[in-house]
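1. What follows is a protein structure lacking sequence information:
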Ligand SMILES: CC(=O)N[C@H](C=O)[C@@H](O)[C@H](O)[C@H](O)COP(=O)(O)O
């Protein structure tokens, strides 16, 4: 992951969002970009998995110097019924910035009021009450940017550079791009899917002409 981060820096990225203490440490040794740190961990009593509890916040604070800590700030019940405000206070108490991963406008406004420093559209399409999407949630970026003074980050489902430009046009402060940069399997599948669709549409005729 540190080499991925270096490649992203060489490509002009302004920051890195990374998962896990070990990877973040390696990334911070390799690049001098600001880091958004998260820990993804599953819990049995909750669907929340991005920096879900105080434990993960503590691990990130103790184990890394990530400038920003992101946590799921959706309205879903947290593991052990913890309060997101507690996680926020811990992050601020350690002098770091807190980023709220939300899925809709209400959650974004609530996170901004609670004192989060950054609101991100990360969870749109992933909560049971938001429709599945195959492109960034531009409406959410636009509405949030109008309604909160907190910086808004567009994150999730980005596949094209033009979508990042669109985010800025709609008022975003920044964009986090994941799989389109870091997941070769996902990138390859976009190409093979396009070819498969073409072949199906032509009923295999292009093979006959070849
Ligand atoms: C929902 C969830 O777990 N999102 C995660 C958040 O850290 C990552 O797996 C995503 O890669 C990231 O949000 C960027 O999104 P995309 O890879 O679509 O550009």
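-> That came through, no problem. None of these values were measured; they are calculated from a predicted model.
2. Give the buried residues for the host helix or strand of residue 55.
-> With secondary structure defined by DSSP states H and E, residue 55 is part of helix 54-63. Neighbour-count burial for helix 54-63, with 16 or more other C-beta atoms under 10 Å as criterion, is recorded at 54, 56-57, 59-61. C-beta here means a position set from N, CA and C on the backbone, and glycine is covered the same way.
3. Kindly provide the whole-number mean pLDDT of it.
-> In this model, helix 54-63 has a mean pLDDT of 98.
4. In a markdown table: the buried residues of helix 54-63, plus distance to the ligand.
-> What follows is the buried residues of helix 54-63, written out as a markdown table (distance: C-beta to the nearest ligand atom, whole Å):
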| residue | distance to the ligand |
| --- | --- |
| 54 | 19 |
| 56 | 13 |
| 57 | 15 |
| 59 | 16 |
| 60 | 13 |
| 61 | 18 |
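5. If we only consider the residues you listed, which is nearest to residue 37?
-> Minimum separation from residue 37 among those (C-beta to C-beta) is found for residue 60, which lies at 4.7 Å.
6. who's in contact with the residue of the chain found nearest the ligand?
-> Closest residue of the chain to the ligand, C-beta to the nearest ligand atom: residue 178 (2.4 Å). By C-beta atoms under 8 Å, 6 or more residues apart in numbering, the residues touching residue 178 are 17, 155-156, 158.
7. do the same with residue 37
-> In this structure, residue 37 makes contact with 17-18, 24, 60, 64, 66, 68-70, judged by C-beta under 8 Å, 6+ apart.
8. Mind doing that once more with 10 Å?
-> By C-beta atoms under 10 Å, 6 or more residues apart in numbering, residue 37 lies in contact with 16-21, 23-25, 27-28, 51, 56-57, 59-61, 63-70, 96, 99.
9. Any idea how many residues pack against residue 96?
-> By the other C-beta atoms under 10 Å criterion, the neighbourhood of residue 96 contains 20 residues.
10. Please apply the same query to residue 101.
-> For residue 101, the tally of surrounding residues (other C-beta under 10 Å) stands at 28.
11. same deal with residue 86?
-> Under the criterion other C-beta under 10 Å, the count of neighbours that residue 86 has is 13.
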